[in-house]
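Undergrad: would you be able to build a 3D model of this:
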Amino acid sequence: MWKTCNWITAATLLAIATPWISHAADPAVAPAGQPPVPLERRYLAPPVRVTEGMTKAGEGYFAADAGRICYQAVPPGGPPFYQIFVQDFTAAAPGPAVPRRVSPGRGRTTCSWFSPDGSRLLFASSHLDPDVDATEAAARAQAEEDARTGRRRRYQWDFDPWMDLFTARLDGSDLVQLTKEKGYDAECSFSPDGSRILFVSDRGGDPDIYVMDAGGGNVRRLTDTPGYDGGPFFSPDGRWIAYRTDRVEKDLLQIHVMKSDGTGDVAVTAGNGVRWAPYWHPTRPWLVWTGADHGDPAVRPNYDLWIARYDDADGTFRTGRPLRITDHEGADVLPAFSPDGTLLMWTASRDDAAAGRAASSQLWVSRVDLDAIDRDLEPPATAARRETTP
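TA: All right, here's what the predicted structure looks like:
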């Protein structure tokens, strides 16, 4: 039976004084008698959908030249699990393009990432599961039963023990297996110079963050605190790693940052909510993530995108108060900046009424108003100021 991580739970307030505890951000102030301006319009151009023809799609990332994107998607009538795709991308005029599958087409796949030179794609796959036929049949049967009964299941992520890391050329050829340890190996990304790979594994009995050479050798464990640690990314200069963890309260994910050798861990967020999917801005000292308040168990949390300014000049990582940059009624998750930092891509469940489509999880892209965000972001806090933050 697969272990699962359920990130939609309510819990009591975490008693952590130093990281920022999120505060709801109000829409822009409007003249008396007029409705407030949505936050999204302050910081982002109208988002454009860039995936189509898929039952659902998400977790997209840019190639280093921004000429392609990679993502996971479930094609209609195909396998019941996500597969990995790439497609061409035009930064000047974002829009849908023809997707090309890179993963083998069987089992679960997730967490794709371009090599820095753009020639290969890194991803996790369970296609070597000896019972893959039964695994897929069970998933199809469950989906059919849910469709028949109208049941909407709470999101959960399966820690498939057959998940391993692979690289392949962008046409899916020359598939190379990088990990072969028993257990879940996934949530992977290259270092900026392409020499190392971050990934998550439960080979030690607990999902922790590991690093290895790009060829799969010299594996080193970076975290060993009880609880889930995952979704790691190197900072643009390779000095830091941002990730998510529920080590304080099960399922209540928070953002942490540590040095690239696993030392100097800092909790960036805390509080009665779930914050996950951190991602670095490539040219500015900003960290963006997904967050939602879980303070009222009677209210369904709505996930939005938040961003904070950081400073690490003296070797200590500090952040300012986070700024909320989306406020759509649907979920906005898994943000990723373009290589030049001018575009933001994320996964969203939004109505697409103009095209006659119902809301579904898809990839969207927006041009970022860098000046507006820079104006409204607070500077990183001192330790003394953090302790007095309500």
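Undergrad: residues contacting Glu145?
TA: Arg151 (CB atoms under 8 Å, 6 or more residues apart in numbering). The way it works is simple: take the backbone N, C-alpha and C, and place the C-beta from them, glycine included.
Undergrad: gap between the helix or strand containing Leu344 and the chain center?
TA: Secondary structure assignment for Leu344, by DSSP states H and E: strand 343-352. How far strand 343-352 lies from its chain's middle: 13 Å, per CA atoms, centre = their mean, to the nearest Å.
Undergrad: what ranges does this protein have for its helices?
TA: Applying DSSP state H to the chain gives helices spanning 39-43, 132-149, 370-376, 383-387.
Undergrad: give the buried residues for the second one.
TA: Taking 16 or more other CB atoms under 10 Å as the basis for neighbour counts, the residues of helix 132-149 that come out buried are 132, 135-136.
Undergrad: return the distance of that helix from the chain's centre.
TA: Worked out by CA atoms, centre = their mean, helix 132-149 lies 26 Å from the chain centre.
Undergrad: i'd like the first residue to be 52 from this point on
TA: Renumbered: residue one is now 52, and that last one reads helix 183-200.
Undergrad: alpha carbons only: can I get that helix in CSV?
TA: This file holds the C-alpha atoms of helix 183-200, laid out as CSV (Å, rounded to 0.1, in the frame of the first residue of the first chain):
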residue,chain,number,x,y,z
VAL,A,183,1.9,-1.7,-13.7
ASP,A,184,-1.1,-3.3,-15.5
ALA,A,185,-2.9,-3.9,-12.2
THR,A,186,-1.9,-0.5,-10.9
GLU,A,187,-3.3,1.3,-13.9
ALA,A,188,-6.5,-0.9,-13.9
ALA,A,189,-7.2,0.0,-10.3
ALA,A,190,-6.8,3.7,-11.0
ARG,A,191,-9.2,3.5,-14.0
ALA,A,192,-11.7,1.6,-12.0
GLN,A,193,-11.6,4.2,-9.2
ALA,A,194,-12.0,7.0,-11.7
GLU,A,195,-15.0,5.3,-13.3
GLU,A,196,-16.6,4.7,-9.9
ASP,A,197,-16.0,8.3,-8.9
ALA,A,198,-17.5,9.6,-12.2
ARG,A,199,-20.6,7.3,-11.7
THR,A,200,-21.2,8.5,-8.1
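Undergrad: next one: phi and psi at the spatially closest residue to Gln134 that is not a sequence neighbour?
TA: Leaving out its chain neighbours, the residue that sits closest to Gln134 by CB to CB, 6 or more residues apart in numbering is Ser154, at 4.8 Å. Ser154 has phi and psi values of phi -70, psi 160 when expressed as degrees, to the nearest 10.
Undergrad: so, low pLDDT: which residues of the stretch 302-441 of the chain?
TA: Applying pLDDT under 70 to the stretch 302-441 of the chain flags residues 402-409, 433-441.
Undergrad: which stretches of it form strands?
TA: Secondary structure of the stretch 302-441 of the chain by DSSP state E, counting those that start in this stretch: the strands cover 305-310, 317-318, 320-321, 324-331, 337-344, 355-362, 369-370, 374-375, 383-388, 394-403, 408-418.
Undergrad: picking up where we left off before, the strand holding Leu395 pairs with which strands, and in what direction?
TA: Sheet pairing for strand 394-403, assigned by DSSP bridges, gives strand 383-388 (antiparallel), strand 408-418 (antiparallel).
Undergrad: returning to that earlier point: quick check, the residue nearest to Gln134 in contact with Phe132.
TA: No - the criterion here is CB atoms under 8 Å, and Ser154 misses it with Phe132 at 9.7 Å.
Undergrad: now do the shared contacts for these two.
TA: Thr160.
Undergrad: returning to that earlier point: what is the burial count for the residue nearest to Gln134?
TA: 26 (other CB atoms under 10 Å).
Undergrad: might you report the residue contacts of it?
TA: 134-135, 160, 174, 176, 178, 219, 223.
Undergrad: what about 10 Å?
TA: 123, 130, 132-136, 160-161, 163, 172, 174-176, 178, 217, 219, 223, 226 (CB atoms under 10 Å, 6 or more residues apart in numbering).
Undergrad: just the local confidence number for Ala83, please.
TA: As predicted, Ala83 sits at a pLDDT of 49.
Undergrad: which ones are touching Ala192?
TA: Ala192 makes contact with Pro131, according to CB under 10 Å, 6+ apart.
Undergrad: against Ala198, how distant is it?
TA: 11 Å (CB to CB, to the nearest Å).
Undergrad: one more: Arg254?
TA: Counting by CB to CB - Arg254 and Ala198 are separated by 36 Å.
Undergrad: tell me, how many residues neighbour the residue lying closest to Leu172 once chain neighbours are set aside?
TA: Using CB to CB, 6+ apart and skipping residues adjacent in sequence, the residue nearest Leu172 is Val153, 5.2 Å away. For Val153, the neighbour count with other CB under 10 Å is 26.
Undergrad: just Ala143 next, same as before
TA: Using other CB under 10 Å, the number of residues around Ala143 comes to 4.
Undergrad: can you give me phi and psi for it?
TA: phi -70, psi -20.
Undergrad: so what's Val308 up against?
TA: Here Val308 is in contact with 286, 291-294, 315-319, 329, 331, 338, 361, 363, 368-370 (CB under 10 Å, 6+ apart).
Undergrad: hmm, back to that, wait, which of the strands of the stretch 302-441 of the chain is closest to Val101?
TA: Judged by CB to CB, the one of the strands of the stretch 302-441 of the chain that comes nearest to Val101 is strand 408-418, at 5.1 Å.
Undergrad: can you list the buried residues in that closest one?
TA: Neighbour-count burial for strand 408-418 [16+ other CB under 10 Å]: 411-418.
Undergrad: and the residues you listed as TSV, adding distance to Trp213?
TA: Shown next, in TSV, are those (distance: CB to CB, whole Å):
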residue	distance to Trp213
Ser411	28
Ser412	24
Gln413	28
Leu414	27
Trp415	32
Val416	33
Ser417	37
Arg418	40
